[in-house]
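Trainee: make a model of this:
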Amino acid sequence: MDLVLRAARIADDTDLVDIAIAGGVIVAIGHRLPERGADEIDCAGRVVIPGLVEAHLHLDKALLDSEKSNPDGTLAGAISVTAELKRGFTVPAIRDRARRVLDMAITNGTTAIRAHPDVDPIVGLRGVTALLDLREEYRDRLDLQIVAFPQEGILRSPGTLDLLRESLYAGADVLGGCAYNESTVDDSRRHVDLIFDLAAEFDVPLDIHADFADDACDPRYAMADYIAELTELTGRHGRVTLGHMTSLAGRSPADRARTLERLASAGISVVPLPATDMHLGGRSDAVNVRRGIAPVRELWEAGVTTAYSSNNVRNAFTPFGNADMLDIGLFLAQTGHLSGPEDLTRVLAMATTEAARTIGIADRYGVKVGACADLVVLSSYRLGDALLDRPDRNYVFKGGRVTARTTRTQELIGPGAKG
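Mentor: Take a look at the predicted model:
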């Protein structure tokens, strides 16, 4: 064996286990395994989870807040500020900012990221080019999927469709969409039609920014039903993801339930982005300010695969963040009326097994025999406390190799202090 993790906590209702790794793959899990490893780590009862998965992250636009912030805090303001800054983007500058965030993410236990670089006549393919470089540079430390994302729309930004096609030829893994940024509901539907056709042409998954508003009064922000219908018609079950989906919370319970049932039936995943969604949402509310986060518990109950992600790190859309999925998960729990060990364990799953299913890597992912040894040893001793503890990521493994380590000593000083 290359590595054996001893006395690991992988579930709160089972005994501690050993995890044996060879050739970058988990080959055995059991109580007091007899196999010896070239290296062994005593987890001493600490929690071991599969590597965290950022299912929706804008690396090309990260860390821009120091250059220019969003003056009014709205979605429209964020799009406007970013469009201005994009004109000055260079491939080396995008790479440098993205590297800083990738390093944060790895240190915080992330082993897979689905990134959404903008593709439009303003920035061209510079974001895609930079991330293609980084995908190769970081291949031994994390898996990086690239989504060609038309932030500025397609119909209202002529030339974008050709650039999306070029991105896919260049090596982008996924096709994005942003239907609400078209001028009319008919154009929004046409946007969806176009990306479904292009995704079929290249046989790639779709990951669409959808229904990102406080309510669904504007039908451009109520595309989920149409997307579900088209998913069923085109046989793309399990290959479509929707990000944000904040306007769901503004629909009537019965109407919302029907939409959630359609999403579940079509195998569509939903990725709430709580740090961004709550920051930008409710800006016009003088009282009873809306939270602007998709109804996570209802998504669970409807059987919709549901992940969450950071979305942005320190820019006009989200002026916060450290690419720390556990931090975002705790925030989601606090703002989404989720509490107790069962809820918190399920929120953690949204950043691990559910996110892996969302980005299409579930077959080789997890703490299970045959999975890639992408693992994190936390300083927590119970899975249900992994969000509450804000734990250190003591070890981060990619393919059984250590990619990050955090060690910290805390000591109480004073009369009566112990330890």
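Trainee: against Ala7, how distant is Ala44?
Mentor: For Ala44, the distance to Ala7 equals 6 Å [C-beta to C-beta, to the nearest Å]. Every residue, glycine included, has its C-beta placed from N, CA and C.
Trainee: and those two? Which one has more around it.
Mentor: Ala7 (18 against 12; other C-beta atoms under 10 Å).
Trainee: quick one: contacts for the more buried one?
Mentor: Going by C-beta atoms under 8 Å, 6 or more residues apart in numbering, Ala7 touches 16-18, 42-45.
Trainee: export these to CSV and tack on pLDDT, distance to Ala115 and secondary structure?
Mentor: Shown next, in CSV, are those (pLDDT from 0 to 100; distance: C-beta to C-beta, whole Å; DSSP: H, G, I helix; E, B strand; the rest coil):
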residue, pLDDT, distance to Ala115, secondary structure
Leu16, 98, 36, coil
Val17, 98, 33, strand
Asp18, 98, 35, strand
Asp42, 98, 35, strand
Cys43, 98, 31, coil
Ala44, 97, 35, coil
Gly45, 98, 35, coil
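Trainee: tell me which of those residues is nearest to Glu232?
Mentor: Within these, proximity to Glu232 (C-beta to C-beta) peaks at Val17, which comes in at 41.1 Å.
Trainee: tell me what that closest one is bridged to.
Mentor: Beta-bridge partners for Val17, by DSSP bridges, are Ala8.
Trainee: I figured it was touching Ile10, is that so?
Mentor: Yes - using C-beta atoms under 8 Å, Val17 makes contact with Ile10 at a distance of 6.0 Å.
Trainee: where do the contact lists of those two overlap?
Mentor: Shared contacts of Val17 and Ile10 (C-beta under 8 Å, 6+ apart): Ile29.
Trainee: okay, buried residues for stretch 118-132 please.
Mentor: Judged by neighbour count (16 or more other C-beta atoms under 10 Å), stretch 118-132 contains these buried residues: 118-120, 122-132.
Trainee: same check, this time on stretch 392-407
Mentor: So, applying 16+ other C-beta under 10 Å, buried residues of stretch 392-407: 392-400, 403-404, 406.
Trainee: where does the protein have low pLDDT?
Mentor: 418-419 (pLDDT under 70).
Trainee: what segments of it are helices?
Mentor: For the chain, the helices defined by DSSP state H occupy 75-86, 91-107, 126-137, 160-170, 185-202, 224-234, 253-265, 274-280, 296-302, 325-335, 340-350, 353-358.
Trainee: number of residues surrounding Tyr180?
Mentor: Look at Tyr180: counted by other C-beta under 10 Å, it has 24 neighbours.
Trainee: residue contacts, it?
Mentor: For Tyr180, the contact set (C-beta under 8 Å, 6+ apart) comprises 188, 209-213, 220-221, 223.
Trainee: closest to Val287 among those residues?
Mentor: Ala213 (18.9 Å).
Trainee: give me phi/psi at the closest one?
Mentor: phi -150, psi 170 (degrees, to the nearest 10).
Trainee: pretty sure it is touching Ser247, no?
Mentor: Yes - counting by C-beta under 8 Å, Ala213 does reach Ser247; the two are 4.6 Å apart.
Trainee: need the overlap of contacts for the two.
Mentor: Shared contacts of Ala213 and Ser247, defined by C-beta under 8 Å, 6+ apart, are found at Tyr221.
Trainee: who's more crowded, these two?
Mentor: Counted by other C-beta under 10 Å, Ala213 and Ser247 do not tie: Ser247 has more neighbours, with 26 against 19.
Trainee: contacts only, for the more buried one.
Mentor: By C-beta under 8 Å, 6+ apart, the contact set of Ser247 is 211-216, 221-222.
Trainee: tell me the centre residue of the protein?
Mentor: Ala55 (2.5 Å; C-alpha atoms, centre = their mean).
Trainee: which residues are in contact with that residue?
Mentor: If a contact means C-beta under 8 Å, 6+ apart, then Ala55 has 114, 241, 271, 307-309, 355, 358-359 as its contacts.
Trainee: how near is it to Ala228?
Mentor: Separation of Ala55 from Ala228 (C-beta to C-beta): 19 Å.
Trainee: state the pair within the buried residues of stretch 118-132 that is farthest apart.
Mentor: Using C-beta to C-beta, the two most remote members of the buried residues of stretch 118-132 are Ile122 and Leu132, lying 19.0 Å apart.
Trainee: can you tell me how far the residue lying closest to Arg141 once chain neighbours are set aside is from Pro71?
Mentor: Spatially, and ignoring its direct neighbours in sequence, Arg141 is nearest to Thr403 (4.8 Å; C-beta to C-beta, 6 or more residues apart in numbering). Per C-beta to C-beta, Thr403 is found 39 Å from Pro71.
Trainee: over to Val313?
Mentor: To Pro71, Val313 is 20 Å away according to C-beta to C-beta.
Trainee: so which of the two has more stuff around it?
Mentor: Legend: neighbour count by other C-beta under 10 Å for Val313 and Pro71, higher for Val313 (28 against 11).
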